[in-house]
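In: When you get a sec, could you give me coordinates for this:
(one chain, ligands or ions: 1)
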Amino acid sequence: MLKAVILIGGPQKGTRFRPLSLDIPKPLFPVAGLPIIQHHIEACLSVKELKEIFIIGFYPVTQIQQFVNDMQLQYDIPIKYLQEFTALGTAGCLFHFRDQIRLGSPDAFFVMNGDVCADFCLNDLYQFHKDRSAEAFITIMSTEATKQQSLNYGCLVLDKKSNEVTHYVEKPSSYVSTLINCGVYVFSLKIFNIIGETFMSKQEDYYKSNGNGSKDAGYIQLERDILTPLAGTGKLFAFPVSNWWSQLKTASSAIYANRHYLELYRTKYPERLAGGRQSEQCKIIPDVHIDDSAQIHPTAVIGPNVSIGPGVIIGAGVRIRESIILDAAVIEERSLILHSIIGRNSKVGKWARVEGTPCDPDPNKPFAKMENPRLFNIDGRLNPSITILGCSVSVPSETILLNSIVLPNKELSKSIKNEIIL
Ligand code: GTP
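Out: This is a model prediction of the structure:
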């Protein structure tokens, strides 16, 4: 029997995802028509031995419980939200809830960062771990990055024969390895002994310093406090993959993730892609997901790589490409939406042009990092590349919005370019 844990952090995390995370917790932001972590849940369901899923974070229960209830209705597996009283770190939170995780003695459990998106190959990852279950405490799913990209991730040095991790450095200041940690793992239960030792030594330090340490004594980071010391002990392994994987840190990375999840639907869930009913309604250029309750004018042209949420209304002659249109947004006739995210309840008037500049990495490469240096000017000011409208924004007719971010509840009165409207 196996279990899975999805780490979702809390309201203080995911700040780079603003303004999209201002009205919805980031893990529940819809990508390709599903909340980000529903893709994790679906990946878990592909593992037949997996019997329970925990979502661990420090969001208030009120913000997550409805999602959990919906998932319970939709899928035939127990899913529970475990709320930390404060941020305990990526390993501290696992230790805090160790009794629930260990209950029923699972053979192992998956741990998945809630802010990654991927073609998760959990069955292969588990098989790899199982083959080494005598030695392995943790197996890390890993992928190749470029030298420059690798500095922003956890870097692994592997013994090529055994796949043992001999060295692990989180966000190194100089080049270590192009093999990086994907934030998806299999843990054996014996890892709790190691986390427990770290917990005890942090407690001792905390009390020795009379509680003057900056963090709570229970705060334990998986990457720095556990993986780094475990490397080279024969207990840490890596499973390199070439499937699509990426992080969802910035709002613009949602457009990239959207494209890839839509592409995955082609083989896994073709019924989720527009076709059938919608293709009779308007012209679709694949891949496109349109919620059944959206109303699209027959002369609109949608795609490629577009997701349209519930209750959206799209007028005559509208053209949308490489974009996400969230619930109940209205796009009036003859407008153009390109490389943009339109927030829920927002309205774009007639003959308007809402456009971002694509900054995505090459989607055909096995791994590509999202953060784009062009996002920042030399003086460090933010220079947005895709256009993002927060919720309930109103864009007047016959205006142009180029490479801009608009915070929620704004009524624009003129065209804007390279601006952030606060
Ligand atoms: P950054 O680039 O600084 O964001 O680091 P990172 O990519 O290594 O991410 P980080 O380790 O901060 O978070 C990885 C995942 O764990 C994310 O999905 C976070 O939301 C989640 N996470 C981070 N800290 C905590 C925590 O204290 N508790 C819980 N439950 N989740 C956390």
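
In: Name the residues of the chain found near the ligand, please.
Out: The chain comes close to the ligand at residues 7-9, 13, 56-57, 84, 87-90, 93, 113-115, 183, as judged by Cβ under 6 Å from any ligand atom. Bear in mind the C-beta positions are built from the backbone N, C-alpha and C, glycine included.

In: can we see that at 5 Å?
Out: Contacts of the chain with the ligand, taken as Cβ under 5 Å from any ligand atom, map to 7, 9, 13, 56, 57, 87, 89, 90, 93, 113, 114, 115.

In: in what helix or strand does the first one lie?
Out: Assigned by DSSP states H and E, residue 7 falls within strand 2-9.

In: Tell me which other helices or strands that strand touches.
Out: Contact here means 3 or more Cβ pairs under 8 Å, 6 or more residues apart in numbering; DSSP states H and E; on that basis strand 2-9 packs against helix 36-45, strand 50-57, strand 108-113.

In: which residues touch that strand?
Out: By Cβ atoms under 8 Å, 6 or more residues apart in numbering, the residues outside strand 2-9 that reach it are 25-27, 37, 40-41, 44, 47, 49-59, 64, 87, 90, 93-94, 101, 106-115, 126.

In: Quick one, grab the pLDDT at residue 276.
Out: We have a pLDDT of 53 for residue 276.

In: That should have said residue 202, apologies.
Out: At residue 202, the pLDDT recorded in the model is 86.

In: Ok, residue 19 next?
Out: On pLDDT, residue 19 comes in at 84.

In: what sits against it?
Out: Neighbour list for residue 19: 251, 343, 388, 390, 405, 406, 407, 408 [criterion: Cβ under 8 Å, 6+ apart].

In: of all those residues, which comes closest to the ligand?
Out: The shortest approach to the ligand among the contacts of residue 19 belongs to residue 251, at 14.1 Å (Cβ to the nearest ligand atom).

In: burial of the residue of the chain found nearest the ligand, as a residue count?
Out: With Cβ to the nearest ligand atom as the measure, residue 9 is the residue of the chain nearest to the ligand, at 2.4 Å. The criterion is other Cβ atoms under 10 Å. On that basis, residue 9 has 21 neighbouring residues.

In: partners of it in the sheet?
Out: For residue 9, the beta-bridge partners under DSSP bridges are residue 57.

In: returning to what we had before: from the contacts of strand 2-9, list the buried ones, please.
Out: 25-27, 37, 40-41, 44, 47, 50, 52-59, 64, 87, 90, 93-94, 101, 106, 108-115, 126 (16 or more other Cβ atoms under 10 Å).

In: For the stretch 1-150 of the chain, which segments count as helices?
Out: For the stretch 1-150 of the chain, the helices identified by DSSP state H, counting those that start in this stretch occupy 36-45, 61-74, 92-96, 98-102, 122-131, 147-150, in order along the chain.

In: Domain map for this structure?
Out: For the chain, whose domains are defined here by automatic domain parsing, the residue ranges read 2-247, 273-421.

In: Now do the end-to-end distance for the shortest one.
Out: The first residue of domain 273-421 is 34 Å away from its last residue (Cα to Cα, to the nearest Å).

In: quick one on the thing from earlier: nearest to residue 80, of the contacts of residue 19?
Out: Looking at those and their distance to residue 80, the nearest is residue 251, at 29.0 Å (Cβ to Cβ).

In: quick revisit: could you dump the residues of the chain next to the ligand into CSV with pLDDT added?
Out: Conversion of the residues of the chain next to the ligand to CSV gives the following (pLDDT from 0 to 100):
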residue, pLDDT
7, 98
9, 95
13, 70
56, 98
57, 97
87, 94
89, 96
90, 97
93, 97
113, 98
114, 97
115, 94
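
In: ok so, going back, how about the helices of the stretch 1-150 of the chain, which one is nearest residue 256?
Out: The closest of these to residue 256 is helix 36-45. By Cβ to Cβ, the value is 12.8 Å.

In: Return the alpha-carbon coordinates of that closest one using PDB.
Out: Output in PDB follows, covering the C-alpha atoms of helix 36-45 (Å, rounded to 0.1, in the frame of the first residue of the first chain):
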ATOM      1  CA  ILE A  36      -3.100  23.000 -10.400                       C
ATOM      2  CA  ILE A  37      -3.000  20.200  -7.700                       C
ATOM      3  CA  GLN A  38      -5.900  18.300  -9.300                       C
ATOM      4  CA  HIS A  39      -3.300  17.300 -11.900                       C
ATOM      5  CA  HIS A  40      -1.200  15.900  -9.000                       C
ATOM      6  CA  ILE A  41      -4.200  14.000  -7.700                       C
ATOM      7  CA  GLU A  42      -4.900  12.500 -11.200                       C
ATOM      8  CA  ALA A  43      -1.300  11.400 -11.400                       C
ATOM      9  CA  CYS A  44      -1.700   9.600  -8.000                       C
ATOM     10  CA  LEU A  45      -4.800   7.800  -9.200                       C
END
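
In: Give me the most central residue, the protein.
Out: Against the mean C-alpha coordinate of the chain, by Cα atoms, centre = their mean, the closest residue is residue 115 at 3.0 Å.

In: List the contacts of the nearest residue to residue 301 once chain neighbours are set aside.
Out: Nearest residue to residue 301 in three dimensions, chain neighbours excluded: residue 283, at 4.5 Å (Cβ to Cβ, 6 or more residues apart in numbering). Remark: with contacts taken as Cβ under 8 Å, 6+ apart, residue 283 is in contact with 300, 301, 302.

In: out of those, which is most surrounded?
Out: Neighbour counts for the contacts of residue 283 peak at residue 302, which has 29 neighbours (criterion: other Cβ under 10 Å).

In: Do I have it right that that one meets residue 287?
Out: No - using Cβ atoms under 8 Å, residue 302 is not in contact with residue 287; the gap is 10.6 Å.
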